[in-house]
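# show me the folded form of this:
(one chain, ligands or ions: 2)
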Amino acid sequence: MSAPDVVNAVANTLALPCMARRLTSVCGSQDVLEAMEWAQKAGLPLMPLGEGSNVVLPRVLEAVVLKVADSSLSILADAEDSVTLRVGAGKVWHALVSEAVHSGYYGLENLALIPGLVGAAPVQNIGAYGKELGDYVVAIHGFDLITGAAQTLDSKECGFSYRSSVFKQELQDRFLITAVDLKLSRAPVVNIDYPVLKSRIGCGEVSPTTVFEAVVALRQERLPNPAHSPNAGSFFKNPILSTQLLRQLQSAEPEIPVYPVSDELSKVSAAWLIERAGLRGYAQGNVAMSDQHALVLVTDGHAVQGQVLELARYVQTVVLERFGVALEPEPRFYD
Ligand code: FAD
Ligand code: EPU
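Ligands and ions are numbered 1, 2, ... in the order given. Just a heads-up that it's a prediction; the model follows:
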């Protein structure tokens, strides 16, 4: 286990001030066991974190923060039509996507430029432009933070769903992800069903590299960059409605974008609801709903957790009162 960071400041893309009691970089079972022992003696919980791009942190985090340092990449199986990779949880997600596409391993290109580390990607089953990580996961490796035992979960056991998994539910803060096995295609099949992506690419020859480049360009144009405008990406999930609720909403708001989920369920655009409620660009002190993208809560770099909470609650209240739709935050709030 490496020496604890002297400052213990926890970096996060909302730029909220946060100090943890201890920050620990781990690589292997010995480090994990030592961190567990230290936390137990100090009476503190263990909390895995990556780059802090999907969290709303308090000024003081009474916890031992664990960050996995392993950024290795190895090939587990190499077949004619597929390749299975094992990737260390400490690898930067976008670096993996870029390396995979350039090596001829396909499937992840729609997920280009999502911030964060590989170890966090399964937690909310990251998704974008018509793809989700869970479609490529073969297994997740890690440690049970209560027993210290090494454990492997297969894809089914991960319980992936829209912006969720077992790691965001019953195994939250209980399972430290240390490596992810992904099965990618060697055939250059692409998915450009997502309307904005399709119209961006247009007709003609499409390769995974074209998709990768188009997704990078779209994201750079559409989403505020946390380096200039601190944010955590989409602040709310797109709500999933029953057919009955959807019909009610559509009778008042026929223009709302709808994405079918199943025969009985449909996802609707949270950004559209927030914009329609007049809250795109709405500011309260150091925080605002971005005028570039209504679903992204931005800070001016000087905000604190309470201000983020207050604006989020205000947006939820306005949208609920106006449309009868409950918005659920996507990032995790810490006490
Ligand atoms: P953190 O924010 O540090 O942690 C997130 C959660 O994962 C926490 O609950 C933490 O406890 C847990 N965790 C982290 N590492 C581990 C580990 N090793 N083991 C167990 N648990 C762990 N998300 C999307 O799905 N799609 C998008 O298109 C998208 N776009 C974004 C755009 C921007 C500009 C930003 C700022 C965020 C965006 N996000 C998106 C959200 C975010 O990038 C992802 O959720 C990402 O996977 C978080 O990675 P991280 O390393 O920053 O994790
Ligand atoms: N829209 C507005 N106003 C805006 C922005 C968008 O009305 O200011 C409407 C438009 O009609 C637009 C629609 O919302 O067509 C959808 O917008 P966009 O394509 O940007 O997608 P999103 O639903 O807002 C989701 C994910 C993103 C992901 C993109 C691309 C969620 C909560 N968000 O956003 O994920 O990158 O699709 O697939 O599912 C994240 O999770 O942090 C994230 C950024």
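# name whatever forms a beta bridge with I240.
K267 (DSSP bridges).
# for it, grab the count of nearby residues.
Here the number of neighbours of I240 (other CB atoms under 10 Å) works out to 17. For glycine as for every other residue, the C-beta is placed from the backbone atoms N, C-alpha and C.
# pLDDT value on Y314, please?
Per-residue pLDDT puts Y314 at 98.
# now do V7, the pLDDT please.
Value for V7, per-residue pLDDT: 55.
# so where's the stretch 1-150 of the chain shaky on pLDDT?
1-7 (pLDDT under 70).
# tell me the contacts of the residue in it positioned nearest to ligand 2?
Closest to ligand 2 within the stretch 1-150 of the chain is A128: 3.8 Å, counting by CB to the nearest ligand atom. Contacts for A128 (CB atoms under 8 Å, 6 or more residues apart in numbering) come out as 110-111, 114, 215, 219.
# repeat for V137
Per CB under 8 Å, 6+ apart, neighbours of V137: 122, 155, 158, 160, 180-182.
# out of those, who's nearest ligand 1?
Distance to ligand 1 across the contacts of V137 (CB to the nearest ligand atom) is lowest for P122, with 8.0 Å.
# what's the neighbour count on that closest one?
Neighbours around P122, by other CB under 10 Å: 25.
# hmm, back to that, out of the contacts of A128, who has the most neighbours?
V215 leads the contacts of A128 on contacts (other CB under 10 Å) with 27 neighbours.
# which SS class is that one?
helix (DSSP: H, G, I helix; E, B strand; the rest coil).
# wait, isn't it in contact with E109?
Yes: judged on CB atoms under 8 Å, V215 makes contact with E109 at a distance of 6.5 Å.
# spell out which residues of the stretch 151-300 of the chain are next to ligand 1.
Taking CB under 6 Å from any ligand atom as the criterion, the stretch 151-300 of the chain approaches ligand 1 at residues 167, 176-177, 223, 226, 231-233.
# now S251. Its backbone dihedrals?
For S251, the backbone dihedrals (degrees, to the nearest 10) come out as phi -70, psi -30.
# same check on E109?
phi -60, psi -30.
# the one 3 residues further on too?
Geometry field for A112 lists phi and psi as phi -60, psi 150, criterion degrees, to the nearest 10.
# contact partners for it?
By CB under 8 Å, 6+ apart, the residues touching A112 are 94, 97-98, 101, 212, 215-216, 219.
# show me how the protein divides into domains.
8-68, 73-185, 231-333 (automatic domain parsing).
# so which of those domains gets nearest S207?
domain 73-185 (9.1 Å; CB to CB).
# so what's the closest residue to A39 other than its chain neighbours bridging to?
Nearest non-adjacent residue to A39, counting by CB to CB, 6 or more residues apart in numbering: V64, 4.3 Å away. V64 forms beta bridges with R22, L46, as assigned by DSSP bridges.
# residue of the protein closest to ligand 2, please.
Closest approach of the chain to ligand 2 (CB to the nearest ligand atom) occurs at G233, with a separation of 2.5 Å.
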